[in-house]
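*Asks:* Predicted model and sequence below, questions to follow.
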Amino acid sequence: MTVKAILSAKGTSITTVEPAATLGDAISMLAERRIGALVVTGADNRLVGIITERDIVRMLAKHGASALELPVTEAMTRKVVTCGQAETVSRVMERMTAGKFRHVPVVERERLVGIVSIGDVVKFRLEEMERESSALRDYIQTA
Ligand code: AMP
């Protein structure tokens, strides 16, 4: 199964933030949308980084409340691991495990088309496993 199947179910909306926005702005967006990561985009909607709850917590631990005034660029990760829609869900899971992160933006021809979180991947795998075990049960009953 591919990333495209996840995006078809959850949609392609991506919450982005400008590089110059403050960590305070980023926190408000994360809280409002009930999400854990924001994709940082620059001119032409180009991906320039990713910022997650963990990055913000780290900055708060280091600078205290004054961190809230810092720009997103101070805390974001610039080297973002992405995936394509045609990639398999297992491959994305492997990448999340190896890189110890829980969010992977989906990019097609340098254009952002969605984002997949570890929650999406786990939900998808559980549904897939349930479908497989139900098919096996049906097969055994009719054999
Ligand atoms: P997360 O587990 O997604 O909260 O991210 C943990 C750390 O990895 C944070 O420093 C993030 O900025 C970074 N990170 C999250 N997603 C990615 C990604 N797709 N590529 C590279 N780094 C990431």
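*Replies:* Sure thing, it's come through.
*Asks:* quick one: contacts for A86?
*Replies:* 2-4 (CB atoms under 8 Å, 6 or more residues apart in numbering). Every C-beta, even on glycine, is put in place using the N, C-alpha and C of the backbone.
*Asks:* Neighbour-wise, give me the winner out of those residues.
*Replies:* Within these, V3 tops the neighbour count with 24 neighbours, counted by other CB atoms under 10 Å.
*Asks:* before we move on, back to that, nearest to G49, of the contacts of A86?
*Replies:* V3 (20.6 Å; CB to CB).
*Asks:* Now the closest one, what are its backbone angles?
*Replies:* In this entry, V3 is assigned phi and psi values of phi -60, psi -30 (degrees, to the nearest 10).
*Asks:* G99 versus that one, what's the distance?
*Replies:* Computed as CB to CB, to the nearest Å, the V3 to G99 distance reads 16 Å.
*Asks:* Restrict the contacts of A86 to those that also contact the ligand, please.
*Replies:* Checked against the ligand using CB under 6 Å from any ligand atom, those yield no neighbours at all.
*Asks:* and of those, the nearest to the ligand?
*Replies:* For the contacts of A86, the minimum distance to the ligand (CB to the nearest ligand atom) is 12.8 Å, reached by V3.
*Asks:* my guess is the closest one contacts M93, does it?
*Replies:* No - applying CB atoms under 8 Å as the test, V3 and M93 come out as separate, 10.8 Å apart.
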